[in-house]
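>>> here is my input, please return the structure:
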Amino acid sequence: MDVGRRSFASRRSPVLATRGMVATSQPLAALEGLRVLMDGGNAADAAVTVAAMLGVVEPMSTGVGGDCFALVYWTSPPARESGGCCADEGASPPAHGEADGRARGGGEAFALNGSGRAPAAFTLDEARRLGLRSIPYDSALAVTVPGAVAGWEALLRRFGTMTLGECLAPAIRAAEQGFAVTPIIARDWRGAARRLARDAEAARVYLPAPRAGEIHRQPDLARALRAIAEGGADAFYRGPIARAIADCVQAHGGFLTTDDLAAHTADWGRPIATTYRGVEVLEHPPNGQGLAALVALNILEGYDIGGTGYWDAARWHYMVEAVRLGLAEALAHVGDPAFADVPVARLLSREHADALRSRIRPDGALDLTAPAVATSRDTVYISVVDGQGNAVSLINSLFHPFGSGIVAPGTGICLHNRGASFRLEPGHPNVLAGGKRPYHTIIPALALRDGRLWLCFGVMGAFMQPQGHVQVLVNMVDFGMDAQAALDAPRFRVDEQGSRRLAVETTAPLGLRKALATLGYDVRPESPWDGAFGGGQVIAVDAETGALWGGSDPRKDGCAVGW
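Next comes the predicted model:
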């Protein structure tokens, strides 16, 4: 694999292996996933093991109280039939803009939606009765059904060789016996102390925030995980855990009920896709925002991105504008497709890309009218490729730090606040409705060459995610960087669609930042270490040798490990 041209020093070397690889944001979790692969498990087994482990060792970012999405690339028939708590859409024929790996040889791609739905009783009329203009992030009103556990079980039912209980065992052990808290996780934990202090149970379980190197134990969470290990997803969505969650949400003024939890399903579908310079890029379909990345890539394909210097201000300008337009399109159109018609085929058409590109001015930033988007550093992303060439690109999140900041008593389970993403504007695709999934920021990704797996990758961090996907892909496709260098490279971040505010990492040259300012951007230099530029993981497959090249974002505590 060509390491390619770089105008900056990579902070780490890529990790290389041949028989399997795991990359994620915390080393203990990565090692447990690698242990699964070395013991004969596959990519699905390892991904669920890592996700559960991260819920213990990185609790502000993820856990069983949150949601998940996955893209799966499988080179052989699934290990098991789908069933149980999951609706199977995988056999439906692909529509325009959807991926179909079978048509080009190699493996087959699947999309797993493990996101939860709004409580049936929480409607737009109820929100109006409460006098809301938006759903508060730090409230029980933002708690939708946590979908992660059903998603994990669905992934294992269809592709795994291990049981959910076997995959949860390392997480249970870490919660019972304790683990040493890593530095960036300790920093983010401290940063969430005020949110945790507002809820008595959250404060009891998660405060005081541990310092780096301190051993932290979570006995309540261990008991909840053990119950799920023994009873499967039913133990989470029905029975004592479900009752504890529903009672807690209602005691805090929310609408979630045990019926809402019992009715939950995860769903299989197909990725959506576009082709960027011969590379087929796969994203999760709506209600996820992967559409934003694909729209931006379609716009960028009309420019000679790789023919310019890496620090060329015009290149950065075109990338920023493409990302701004991609986000604006997603924010305007993405909603739960069970409730809204999301015109994916039209939005991913070349004609639409041409029309959007024609709006970009070479001499200045566009005036765009769109809602502000928030930054967040609290999500985890997991990339796994096994020795058979199967891959799972999985993302799991509580949304904001420790989610809603509410912990169900006696369970250690932090409840996410994903419902805060709903809009309260009648007629909007993402308007609140009972039983509806909200617009979701978390997006896993894959990339194929000639129908075969090339990249299993993702960049976490709320609305940074499609921006990170675009920047990492451009680094690898247009500038030939390896997996690690593509993550090390300085990034930009669009924060507010209604303004020209542009955050740029201070590792980018001052001259570039000044040049962007002359184009009309409100350039804000920010440290790459404050967590707001996301945290990515990449595993690349060398088509010639079969070697796996792994990269892990230096902005997080994690690593890529292989054998």
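
>>> can you give me the strands in the stretch 151-300 of the chain?
179-180, 215-216, 266-269, 272-276, 279-283 (DSSP state E, counting those that start in this stretch).

>>> for this structure, what helix or strand is lowest in average pLDDT?
strand 86-87 (a mean of 54; mean pLDDT, DSSP states H and E).

>>> who's in contact with Ala391?
By C-beta atoms under 8 Å, 6 or more residues apart in numbering, the contact list for Ala391 reads Ala43, Val72, Tyr73, Ser383, Val384, Val385, Leu446, Leu453, Cys456, Ile539. Placement of C-beta: from N, CA and C, glycine included.

>>> quick check: the farthest pair among the residues you listed?
Greatest spatial distance among the contacts of Ala391 (C-beta to C-beta): Val72 and Ile539, at 14.0 Å.

>>> for the stretch 1-150 of the chain, which spans come out with low pLDDT?
1-9, 78-105 (pLDDT under 70).

>>> could you report the separation of Gly116 from Gly65?
10 Å (C-beta to C-beta, to the nearest Å).

>>> the closest residue to Gly535 other than its chain neighbours: what's it in contact with?
Closest residue in space to Gly535, ignoring its immediate chain neighbours: Lys556 at 3.7 Å, by C-beta to C-beta, 6 or more residues apart in numbering. Going by C-beta under 8 Å, 6+ apart, Lys556 touches Ser25, Gln26, Ile184, Gly535.

>>> biggest separation within those residues, which pair?
Of all pairs drawn from the contacts of Lys556, the greatest distance, 10.3 Å, lies between Gln26 and Gly535 (C-beta to C-beta).

>>> just to revisit the earlier point, please flag which of the contacts of Ala391 sit within helices.
Counted as lying in helices by DSSP state H, out of the contacts of Ala391, are Ala43.

>>> what touches both of Gln26 and Gly535?
Joint contacts of Gln26 and Gly535 (C-beta under 8 Å, 6+ apart) are Lys556, Gly558.

>>> what segments of the stretch 51-200 of the chain are helices?
124-129, 148-159, 164-177, 183-191, 193-197, 200-206 (DSSP state H, counting those that start in this stretch).

>>> name the residues that touch the helix or strand containing Val561?
Taking DSSP states H and E as the definition, Val561 sits inside strand 559-562. Contacts to strand 559-562, defined as C-beta under 8 Å, 6+ apart, come from residues 14-23, 27, 30-31, 33-34, 383, 483-484, 537, 539, 548, 550-552.

>>> contacting residues for the residue nearest the centre of the chain?
Closest to where the C-alpha atoms of the chain average out (C-alpha atoms, centre = their mean) is Ile442, at 3.2 Å. Applying C-beta under 8 Å, 6+ apart to Ile442 gives the contacts Asp67, Cys68, Phe69, Gly288, Thr379, Ile395, Asn396, Ser397, Met460, Gln465.

>>> just to revisit the earlier point, common neighbours of Gly116 and Gly65, please.
Pro146.

>>> wait, isn't Gly468 in contact with Arg491?
Yes - the pair Gly468 and Arg491 qualifies as a contact (C-beta atoms under 8 Å) at a distance of 6.9 Å.

>>> common neighbours of those two, please.
Phe533, Gly534.

>>> tell me which of those two has more neighbours.
Neighbours per residue (other C-beta atoms under 10 Å) separate Gly468 from Arg491, with Gly468 holding more: 28 against 25.

>>> who's in contact with the more buried one?
Val459, Met460, Gly461, Arg491, Phe533, Gly534, Gly536.

>>> one more: Gln471?
Met319, Val459, Ala489, Arg491, Phe492.

>>> so what pLDDT did it get?
We note a pLDDT of 98 for Gln471 in this prediction.

>>> over to it. Which of the three states is it?
helix (DSSP: H, G, I helix; E, B strand; the rest coil).

>>> by neighbours, which of the contacts of Lys556 wins?
Ser25 (30 neighbours).

>>> phi, psi of the residue nearest to Gly535?
phi -120, psi 180 (degrees, to the nearest 10).

>>> coming back round to it: now, the contacts of strand 559-562 that are in strands?
Those of those mapping onto strands are 15-17, 20-23, 383, 537, 539, 548, 550-552, per DSSP state E.

>>> would TSV of those with distance to Ser421 and neighbour count be doable?
TSV is the format used below for those (distance: C-beta to C-beta, whole Å; neighbours: other C-beta atoms under 10 Å):
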residue	distance to Ser421	neighbour count
Val15	35	20
Leu16	39	17
Ala17	37	20
Gly20	35	25
Met21	32	33
Val22	29	36
Ala23	27	32
Ser383	25	35
Gln537	24	32
Ile539	29	29
Leu548	35	28
Gly550	31	26
Gly551	29	30
Ser552	28	29
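
>>> what is the nearest of these to Tyr310?
Closest to Tyr310, out of all of the ones in strands among the contacts of strand 559-562 and judged by C-beta to C-beta, is Gly551, at 17.6 Å.

>>> out of the contacts of Ala391, flag the one nearest to Asp125.
Distances from Asp125 to the contacts of Ala391, taken by C-beta to C-beta, are shortest for Val72, at 38.7 Å.

>>> pull out the buried positions in the helix or strand hosting Arg513.
Taking DSSP H and E as the criterion, Arg513 maps to helix 510-518. Neighbour-count burial for helix 510-518 flags Leu512, Arg513, Ala515, Leu516 (criterion: 16 or more other C-beta atoms under 10 Å).

>>> nearest spatial neighbour of the third one, skipping sequence neighbours?
Setting aside the residues directly before and after it, Ala515 is nearest to Ala313 in space (C-beta to C-beta, 6+ apart), at 3.5 Å.

>>> burial of the one you found, as a residue count?
19.

>>> give the contact list for it.
Taking C-beta under 8 Å, 6+ apart as the test, what Ala313 contacts is Leu512, Ala515, Leu516, Leu519.

>>> these into JSON lines, with extra columns for pLDDT and distance to Pro426?
Formatted as JSON lines, the contacts of Ala313 follow (pLDDT from 0 to 100; distance: C-beta to C-beta, whole Å):
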{"residue": "Leu512", "pLDDT": "98", "distance to Pro426": "43"}
{"residue": "Ala515", "pLDDT": "98", "distance to Pro426": "43"}
{"residue": "Leu516", "pLDDT": "98", "distance to Pro426": "38"}
{"residue": "Leu519", "pLDDT": "97", "distance to Pro426": "37"}
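
>>> ok, which stretches of the stretch 351-500 of the chain are strands?
According to DSSP E, counting those that start in this stretch, the strands that the stretch 351-500 of the chain contains are 379-386, 391-397, 406-408, 413-415, 445-449, 452-460, 492-494.

>>> would a markdown table of those with mean pLDDT and distance to Glu425 be doable?
Formatted as a markdown table, those follow (pLDDT from 0 to 100; distance: least, C-beta to C-beta, whole Å):
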| stretch | mean pLDDT | distance to Glu425 |
| --- | --- | --- |
| strand 379-386 | 94 | 26 |
| strand 391-397 | 97 | 24 |
| strand 406-408 | 98 | 26 |
| strand 413-415 | 98 | 25 |
| strand 445-449 | 98 | 29 |
| strand 452-460 | 96 | 28 |
| strand 492-494 | 95 | 22 |
